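**Student:** A structural model of the following input is requested.
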Amino acid sequence: MEAGNGCLSTLACTSCLSGLFTTGFTCGAVGAWVYSSGGGITRNGSSCLEGFTCGIITNGYYSNGGGTSSTPTASGNGCLPSNLCGITYSAELLRDAFPSVVDGAFWLMLPGVGARLTFCILSSGFGGGGWMMILKANATGNTFHFDADHWTTANVLNTASSDTSDADAKFDVMNTFAAKDMMAVWPDISGGGCIATSTRGWTWLQTNFNGGNRIVPITFWASAYRMFLGDADLFCGVTPFSRQSGVRFYGYNYFNGPVTYFASSVYDNSALGTTYFQPQLYSPRSWSSGVSTSGWLTMDLGYISPVVLGVSTQGRKDWSQWVSSYQLLYSTDNSNWVSLGTFTGNSDSNSVVTVLFASAIAARYIRFNVLSAYGHASMRVAVVTHTSALNLNARVRWGFGWNENGGTALFPNADMLSDDVSGGIGMNIRGVGWSSGDVCASCGDTQRGFNRAARVQLFVR
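**Tutor:** Below is the predicted model of the structure:
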């Protein structure tokens, strides 16, 4: 770089516009750890972020315009301690530029929203470091249960709490930063977990959580459909959680229920689990027929269940559309169908309407044949296979799915119709909606875990 346009003397003059520092900050003259500011050379006291004046870095702190200091500068006279005046784009860049800087809150420039104070774990001994906090949940709350809009909507919560305290908070990193790896820290559960040397609590670590493709977390959670990453018994973070012999799902956006669904048609030809083909109860949208007021939707339970007791339905979550009435049919082979009659459906988007049969039936396939609809034929459905199943609906944003009824079969070749054990982050089961934790609702054939709500801190890089 030509004189007057360099950034850091030790970083081979990385361009302000193309690397470590943000656009809009012009670089000053290269010197010993001198940072640029909006108006010129930092040695001359030009202003930096939010009125702070930048100077020379010493031991992780910044001096006021021109001097040096090994202690934090006075409020209003210098940059915040342990915060970069130049502002990096990510904790990984910060880690690489300053290997000796310790964990803490730093100003990071995030896409579309600008500078945000973000708690970062930089230590290379912590899974390689370079982690940025996106969310944290307190020890007893339900703010971030599975259905909370924080998982899929670009909102924030309590952003002033950019530390590791016991509080609920969600930060703009979750809404804007395209991430590749994800980590969870459980501060009130002892041990190491996936990072054996952790001193912060139990840990989960998932590299390449979206198949190696970077993705903004809220976009990921809005689109992932039962993303199975492996046998939960083999996951490095499973030890303190309750377990059962079957399903053993580990991954993202798990929900129990039928193995799969198929339909007469789907609006916009959406694939299962995407846009207009999200037919499971409590999904963020619904199945929407390719025909406005007719069509059929079929659930495949994966095997012949001997005790199907009823069905539950909802309308489309994000629009005023629902099925008002339908014919219900069942089959064991997808060829020979038996009608159970005509039933009243929904009258709004989100209320759950449950129909219980006079007696149990044995079925693998359940079909909803639309007779009338409001707005458009759209619905979300579930099957009732257990006397207490109306509130089972096991769902988790990141974590596990378990069930003992099908023996030791692994997802997706397992009985997922009556899950009563669940654990992870962003969860709902049997009417329990926790931000994070472990639930053993019925523990007959279970390795019992800590069985309570728990604190968690979620990071990406």
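**Student:** now the chain, which segments are flagged as low pLDDT?
**Tutor:** Within the chain, the segments meeting pLDDT under 70 span 1-88, 386-392, 443-445.
**Student:** Remind me what the biggest strand by length in it packs against, helices and strands.
**Tutor:** If you go by DSSP state E, the chain has its longest strand at strand 353-374. With contacts defined as 3 or more Cβ pairs under 8 Å, 6 or more residues apart in numbering; DSSP states H and E, strand 353-374 has these neighbours: strand 296-314, strand 322-331, strand 338-344, strand 378-384. (Glycine included, C-beta is placed from N, CA and C.)
**Student:** Now with 10 Å, please.
**Tutor:** If you count contacts as 3 or more Cβ pairs under 10 Å, 6 or more residues apart in numbering; DSSP states H and E, strand 353-374 packs onto strand 260-263, strand 296-314, strand 322-331, strand 338-344, strand 378-384.
**Student:** I'd like to know which of the ones you listed lies nearest to Pro111.
**Tutor:** In terms of Cβ to Cβ, the element of these nearest to Pro111 is strand 378-384, at 33.0 Å.
**Student:** Could I get the buried residue list for the closest one?
**Tutor:** Neighbour-count burial for strand 378-384, counted by 16 or more other Cβ atoms under 10 Å, picks out 378-384.
**Student:** of those, closest to Gly129?
**Tutor:** Out of those, the member with the shortest distance to Gly129 (by Cβ to Cβ) is Arg380, at 41.7 Å.
**Student:** Within the sheet, what are the partner strands of the longest strand of the chain, with directions?
**Tutor:** Its sheet considered, strand 353-374 pairs with strand 296-314 (antiparallel), strand 322-331 (antiparallel) by DSSP bridges.
**Student:** relative to strand 378-384, how tilted is that strand?
**Tutor:** Orientation of strand 353-374 against strand 378-384 (axes from the mean of the first three to the mean of the last three Cα atoms, to 10 degrees) gives an angle of 160 degrees.
**Student:** want to throw the helices and strands packed on strand 353-374 into a markdown table with distance to His145?
**Tutor:** Shown next, in a markdown table, are those (distance: least, Cβ to Cβ, whole Å):
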| stretch | distance to His145 |
| --- | --- |
| strand 260-263 | 24 |
| strand 296-314 | 17 |
| strand 322-331 | 24 |
| strand 338-344 | 29 |
| strand 378-384 | 18 |
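**Student:** I'd say Cys194 and Leu205 touch.
**Tutor:** Yes: at 3.8 Å, Cys194 counts as touching Leu205 under the criterion of Cβ atoms under 10 Å.
**Student:** which residues are common contacts for these two?
**Tutor:** 127, 183-184, 235-237 (Cβ atoms under 10 Å, 6 or more residues apart in numbering).
**Student:** what bridges to the nearest residue to Pro258 once chain neighbours are set aside?
**Tutor:** Nearest residue to Pro258, sequence neighbours excluded (Cβ to Cβ, 6 or more residues apart in numbering): Met299, at 4.0 Å. Beta-bridge partners of Met299, counted by DSSP bridges, are Tyr261, Ile366.
**Student:** all helices of the chain, in order?
**Tutor:** Shown for the chain, the helices assigned by DSSP state H span residues 91-97, 173-176, 217-223.
**Student:** Return the set of buried residues in the last one.
**Tutor:** Right, the one you point to is helix 217-223. Going by 16+ other Cβ under 10 Å, helix 217-223 has these buried residues: 217-218, 220-221, 223.
**Student:** Domain parsing of the protein, as residue ranges.
**Tutor:** 1-86, 221-255+391-450, 260-390 (automatic domain parsing).
**Student:** List the contacts of Lys207.
**Tutor:** Slight slip there: residue 207 is Thr, not Lys. By Cβ under 10 Å, 6+ apart, the contact list for Thr207 reads 127-128, 180-183, 194, 461.
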